[in-house]
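Chemist: Sequence first, predicted model second:
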Amino acid sequence: MACLSGLIAIVAFGAACGHSDSDHSLKDALQQGIDSTLAHFGSQFPDLALSVAWKDGTQDIRLAKGTGSGQDVTPQHTFLYGSGTKPITAAAILRLIDHGKLKASDKVSSIVDPYFKAHGKPPLADIFGEEINSATVLQLIRMNAGIRDFEDSYELDSLVLGKGNEYWNIAYDAMNFSVSQKNIQAGSKYKGVGSGPLYCKPGSCTAYSSTSFIVAGLVLVAKLQPEKEWYDFDLGDAVFENRTAYPSVSFPPRGPPYAHLSDYLTTPGSSLSKTWPKETIYKQDTSILGFTCGNMVASPHDVAKFYYHLLDSDVAHADPKPLISDQARAEMTHFQELSRGWCRNDMKYGAGLMQIQYGNGQRLVNVIGHEGDTYGFVSSQGYIPALKGAYSVVANVDQSAPMEHLTTRVLTAAKRYLESHQRSESEMLIV
């Protein structure tokens with residue numbers, strides 16, 4: 001998918017090794033997880049590369065293994081994250097609300113329509129119907145605006161990758177395709193989605209939609225850089241006070257002149273999904289990434305750092321310029337069950353964040369974050385409140401099994417290691 005439709009991963013897996021994590025470092029345990037994943041999946045995916053990062057108050061770990069472009073992958077190499085971009089888009093919207101430049105209740109059409117007119121485009125209602133005029137800014141990032149996911153059908157994704165060396169006006173292409181009869185018909189496999197241009201009247205349902213985050217991106221452009229085209233907008237500038245703190249992170253596309261993924265991406269991916277052409281993802285035009293629903297390129301270390309700074313309240317309170325306010329963080333982590341479309345009644349979604357669980361039983365780890373699936377890459381990233389730490393795991397194949405296997409190893413190892421050290425510290429205090 002150009003932007004992830006997301007994955008709910010409740011994955012069971014055993015201990016990383018026969019010893020407890022108190023016997024060695026967390027870094028050692030995470031490296032063992034990478035090694036075991038490569039050993040397990042290496043024959044199936046011979047070009048598999050994996051990268052992991054963990055960040056908390058005392059640990060700052062970055063690891064990678066595998067090959068890309070004929071060279072060993074390092075922790076500094078960059079990958080694609082698909083819908084792992086969505087929390088950054090949501091944070092950008094909430095920052096504008098924090099700073100009084102937007103209201104959560106502002107009507108989307110009142111912001112976007114003047115921008116569309118200035119750039120020779122029709123109003124939102126011409127795409128989504130008149131009901132879209134009641135949709136608010138907050139509803140976009142909470143998946144409450146009723147906007148259809150353009151990936152109910154994978155036809156647009158297949159067309160885009162099939163002509164991946166061409167420029168795609170993807171922000172508008174995706175909106176228009178989302179209301180096409182082919183996409184609406186494909187979405188009819190889900191109950192209660194209707195046959196109109198929206199899943200439901202804005203505010204009356206919660207439905208996962210990458211298209212909704214594209215519209216959120218257009219709100220950002222309209223408010224921050226209305227003179228620019230969507231493809232010249234840099235999402236990072238809307239979120240990061242200090243870009244040098246996240247040196248690997250970029251948000252293509254760019255154009256014209258147009259750019260290739262290899263201008264930003266240093267790890268080629270393997271597109272193996274049955275839903276689109278099989279390709280090496282590296283030289284395509286950056287416009288295939290899907291704008292603010294899935295256009296982040298980064299190393300896992302910077303991604304984990306973002307989630308840590310975003311969601312750890314102690315870090316935020318110590319920062320004179322936190323990414324978002326406490327109120328915005330509460331909004332992001334106020335979850336509602338999806339009621340329509342993909343994963344209905346099976347996923348809880350906040351404002352750009354999903355609840356995810358890995359492991360089982362006593363090893364179950366609850367994550368606030370986002371998974372990502374895009375051409376050639378699958379990722380998982382987020383924050384674990386019980387451990388007060390953040391992570392990012394990414395694989396350069398668009399098959400979920402290696403990522404799920406490794407993420408489960410990473411999080412269960414972190415849980416065992418940190419809990420064992422907490423017990424040790426408590427015993428020392430008692431003594």
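Modeler: Perfect, I can see it now.

Chemist: Just the helices from this protein, written as ranges.
Modeler: Assigned by DSSP state H, the chain shows helices spanning 26-41, 86-98, 108-118, 124-128, 137-141, 155-162, 170-178, 181-187, 210-224, 235-239, 300-311, 313-318, 326-332, 400-430.

Chemist: Just the buried positions in the lowest-mean-pLDDT helix or strand in the chain, please.
Modeler: For the chain, counting by mean pLDDT, DSSP states H and E, helix 400-430 ranks last in confidence among helices and strands (a mean of 81). For helix 400-430, a neighbour-count test (16 or more other C-beta atoms under 10 Å) marks 400-418 as buried. Heads up, the C-betas are built off the backbone N, CA and C, glycines and all.

Chemist: Likewise for stretch 306-322?
Modeler: Buried, per 16+ other C-beta under 10 Å, within stretch 306-322: F306, Y307, Y308, H309, L310, L311, D312, V315, A316, P322.

Chemist: can I get the CA coordinates of it in CSV?
Modeler: In CSV, the C-alpha atoms belonging to stretch 306-322 read as follows (Å, rounded to 0.1, in the frame of the first residue of the first chain):
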residue,chain,number,x,y,z
PHE,A,306,10.2,11.0,17.9
TYR,A,307,7.7,8.6,19.6
TYR,A,308,9.7,8.9,22.9
HIS,A,309,9.6,12.7,22.8
LEU,A,310,6.0,12.7,21.7
LEU,A,311,4.5,10.3,24.3
ASP,A,312,6.7,10.3,27.4
SER,A,313,5.2,12.9,29.6
ASP,A,314,8.3,13.3,31.8
VAL,A,315,10.4,14.1,28.7
ALA,A,316,7.7,16.5,27.4
HIS,A,317,7.5,18.3,30.8
ALA,A,318,11.3,18.8,30.9
ASP,A,319,11.3,20.2,27.3
PRO,A,320,10.7,24.0,27.1
LYS,A,321,9.3,23.5,23.6
PRO,A,322,7.6,20.1,23.7
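
Chemist: any idea of the mean pLDDT in that stretch?
Modeler: For stretch 306-322, mean pLDDT is 96.

Chemist: go on, stretch 140-151?
Modeler: Averaging pLDDT along stretch 140-151 yields 98.

Chemist: now do the same end-to-end measure for that stretch.
Modeler: 17 Å (C-alpha to C-alpha, to the nearest Å).

Chemist: before we move on, back to that, what is the most widely separated pair among the buried residues of stretch 306-322?
Modeler: Distances among the buried residues of stretch 306-322 were taken as C-beta to C-beta; the most separated pair is Y307 and P322, at 13.6 Å.

Chemist: Next up, the contacts around the residue positioned nearest the centre of the chain.
Modeler: Geometric centre of the chain, nearest residue: G84, 1.2 Å, by C-alpha atoms, centre = their mean. With contact taken as C-beta atoms under 8 Å, 6 or more residues apart in numbering, G84 is in contact with L4, G294, M296, V303, H370, E371, G372, S379, Q381, S392.

Chemist: Can you tell me how far the fifth one is from G42?
Modeler: Spelled out, it's H370. Look at H370 and G42: by C-beta to C-beta, to the nearest Å, they are 27 Å apart.

Chemist: the more surrounded of these two?
Modeler: When neighbours are counted by other C-beta atoms under 10 Å, H370 and G42 differ, and H370 comes out ahead with 28 against 13.

Chemist: wait, that one sits on A90?
Modeler: No: using C-beta atoms under 8 Å, H370 makes no contact with A90, being 9.5 Å away.
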